[in-house]
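> kindly return the folded structure for what I paste below:
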Amino acid sequence: MPIFGEIFVSEILKRPVLDLKGEELGSLKDLVIVKGTPLPVVESLIISRKKKHYRIPWDTINIFNKRIIATKLSAENLTEYDFPEENLHAVKDILDKQIVDATGAKVVRVNDIKLEGYEGKAVLVAIDAGMRGILRRLGLEKQGSDLLRLFKVELPYHLISWNYIQPLEPKLKTIALTVPRQMVSKLHPADIAEIISSVSRQEGTNFFKDLDVKTAAETLSELEPEVQASIIEEMDTEKASNIIEEMPPDEAADILGDISAEKMKAILERLDIEDAEDIQELLEHEEDTAGGLMTNDFIAYPPTLKVSEAIERFKQDAEEIETIYYIYVVDKDEKLLGVLSLRELLLADPDKKLQDIMVTNLKTVSPDADENVVAAAISKYNLVAMPVVDNEGYLLGIVTVDDIIDRILPPKAKRKRKKV
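Sure thing, here's the model as predicted:
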């Protein structure tokens, strides 16, 4: 077995690689990494010799530890190496890169890489994302640890198992990890959004593209407007339309209003006709008005419907609606007649009709009402949603309290939505 004990890559970089006679062939420059089971393995060593690089296959290595690296090859058997893009390199492609720590829901930097022996091979077991990794690369790990010990403080380890990290760069995806994608999809969308916001725009876009449609839709809602627009603009139109279709219409309208007219048109054309019409209706309003804030995703029933029938219909309809606070009662032309809370519906006599229990003293706003007027009305009447009606009393949508909070409170950036 050529490897003994644990090794960090920084400990062996620039170390001489010897032949069987003990002659120096060159100094270690990098390691070629390939997919392995259960962890990525070192496929070959790259050495630097007389300003050229050469590849030494792992199966020719007979000693590999912190102090000595030796191969069966002689100088005459060395093969030149030019770092092809399709290969993954420990130093060139992993060291100093940003990686998602799925367990901690954050982006960390690879300060060092830990190797261990497994079945005669060197495998990547963890990355060091802490201060120890930085000091080790500077050759100051022992001094730093000794200094802190004087103050009765231990220099902490920050090792993250390779099983729990997700590389961001496309080239790194050549390593098949066993857990990360599943773990990332289980993170809260706000955590995923924070990860995307912590890296470069290109890395964030690549990371976002790997999310499933449902997770992507929830994550997109948590991102800043300019990031949302950038991601959708660069994304394949078909996948972008699938994600937009998964979102509530008001949030979808906010995003589509920030992208180019050509991209917006292409996405709308791929949506279900009803969904596209809902979004286009919202895009007609200025965003700092009730019409711009509202969603046309709500539940409305006719006044003659019995309570028992309304409850049964509600069980099915509620699956398609993001947020439900009230049941609205409308006539056949969709004019607003009344409203009742879910509590009032559940406690009512099952045989009564909605018109018998609905509240008719309605508090509404017009679609042109300023967002501050809407916020004041919601606060004054202690509501969690406010109906938006036109001059003739037709129910156009509702403004929910969370939309008001998102709109008014910093640091969310204000958008200027383009009308269509």
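
> doesn't Glu269 belong to a helix?
Yes - per DSSP: H, G, I helix; E, B strand; the rest coil, Glu269 lies within a helix segment.

> tell me how many other residues surround Glu80.
Residues lying near Glu80 (other C-beta atoms under 10 Å) number 9. Using the backbone N, CA and C atoms, a C-beta is placed for each residue, glycine as well.

> quick check: it vs Ala385, distance?
Glu80 sits at a distance of 69 Å from Ala385 (criterion: C-beta to C-beta, to the nearest Å).

> with Ile63 instead?
As judged by C-beta to C-beta, Ile63 and Ala385 stand 72 Å apart.

> so for these two, which sits in the more crowded spot?
Counted by other C-beta under 10 Å, Ile63 and Ala385 do not tie: Ala385 has more neighbours, with 24 against 14.

> which ones are touching that one?
When contacts are counted by C-beta atoms under 8 Å, 6 or more residues apart in numbering, Ala385 touches Phe298, Thr323, Tyr325, Tyr326, Ile378, Ile398, Val399, Thr400, Val401.

> swap in Lys335?
Glu392, Gly393, Tyr394, Leu395.

> 7 Å - rerun?
Gly393, Tyr394 (C-beta atoms under 7 Å, 6 or more residues apart in numbering).

> quickly list what it is bridged to.
Beta-bridge pairing for Lys335 (DSSP bridges): Tyr394.

> buried residues in stretch 115-128?
If you call a residue buried by 16 or more other C-beta atoms under 10 Å, then stretch 115-128 has these buried ones: Leu115, Gly117, Tyr118, Lys121, Ala122, Val123, Leu124, Val125, Ala126, Ile127, Asp128.

> please name the nearest non-neighbouring residue to the last one.
Which is Asp128. Spatially, and ignoring its direct neighbours in sequence, Asp128 is nearest to Asp112 (3.9 Å; C-beta to C-beta, 6 or more residues apart in numbering).

> what is the burial count for the one you found?
For Asp112, using other C-beta under 10 Å, the count is 23.

> isn't it right up against Phe8?
Yes - Asp112 lies in contact with Phe8 (C-beta atoms under 7 Å); the separation is 4.9 Å.

> can you check which residues contact both of those two?
Residues touching both Asp112 and Phe8 (C-beta under 7 Å, 6+ apart): Asp128, Arg136.

> for Leu73, give its distance to Asp30.
Distance of Leu73 to Asp30, computed by C-beta to C-beta: 17 Å.

> higher neighbour count, these two?
Neighbour tally, Leu73 and Asp30, criterion other C-beta under 10 Å: the higher count belongs to Asp30, 24 against 19.

> and the helix or strand that that one is a member of, what other elements does it pack with?
Element membership of Asp30 [criterion: DSSP states H and E] is strand 24-34. Strand 24-34 sits against strand 16-18, strand 41-49, strand 88-89, with contacts defined as 3 or more C-beta pairs under 7 Å, 6 or more residues apart in numbering; DSSP states H and E.

> on that earlier part again, from the buried residues of stretch 115-128, which is closest to Thr364?
In terms of C-beta to C-beta, no member of the buried residues of stretch 115-128 lies closer to Thr364 than Ile127, at 56.6 Å.

> list the contacts of the closest one.
Contacts of Ile127 by C-beta under 7 Å, 6+ apart are Ile99, Val110, Ile113, Ile160, Trp162, Ile165.

> and for Val34?
So Val34 contacts Pro40, Val41, Glu43 (C-beta under 7 Å, 6+ apart).

> 8 Å instead, please
Here Val34 is in contact with Pro40, Val41, Glu43, Leu88, Ile175 (C-beta under 8 Å, 6+ apart).

> okay, it: pLDDT?
In this prediction, Val34 carries a pLDDT score of 87.

> so in terms of bridging, what pairs with it?
Val41.

> the spatially most central residue of the chain and Asp210: what is the separation?
What sits nearest the mean C-alpha location of the chain, by C-alpha atoms, centre = their mean, is Ile192, with 3.3 Å. For Ile192, the distance to Asp210 (C-beta to C-beta) stands at 11 Å.

> do Pro350 as well
Taken as C-beta to C-beta, the span from Pro350 to Asp210 is 48 Å.

> and if you look at Thr219?
From Thr219 over to Asp210 the distance is 11 Å, taken as C-beta to C-beta.

> have a look at these two and say which one is more surrounded.
Legend: neighbour count by other C-beta under 10 Å for Thr219 and Asp210, higher for Thr219 (27 against 15).

> in stretch 390-403, what counts as buried?
Residues of stretch 390-403 classed as buried: Leu395, Leu396, Gly397, Ile398, Val399, Thr400, Val401, Asp403 (neighbour count, 16+ other C-beta under 10 Å).

> may I see those residues organised as JSON lines, with distance to Ile259, pLDDT and secondary structure added?
Below are the buried residues of stretch 390-403 laid out as JSON lines (distance: C-beta to C-beta, whole Å; pLDDT from 0 to 100; DSSP: H, G, I helix; E, B strand; the rest coil):
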{"residue": "Leu395", "distance to Ile259": "29", "pLDDT": "96", "secondary structure": "strand"}
{"residue": "Leu396", "distance to Ile259": "24", "pLDDT": "94", "secondary structure": "strand"}
{"residue": "Gly397", "distance to Ile259": "22", "pLDDT": "93", "secondary structure": "strand"}
{"residue": "Ile398", "distance to Ile259": "25", "pLDDT": "94", "secondary structure": "strand"}
{"residue": "Val399", "distance to Ile259": "24", "pLDDT": "93", "secondary structure": "strand"}
{"residue": "Thr400", "distance to Ile259": "24", "pLDDT": "91", "secondary structure": "strand"}
{"residue": "Val401", "distance to Ile259": "28", "pLDDT": "89", "secondary structure": "helix"}
{"residue": "Asp403", "distance to Ile259": "20", "pLDDT": "81", "secondary structure": "helix"}
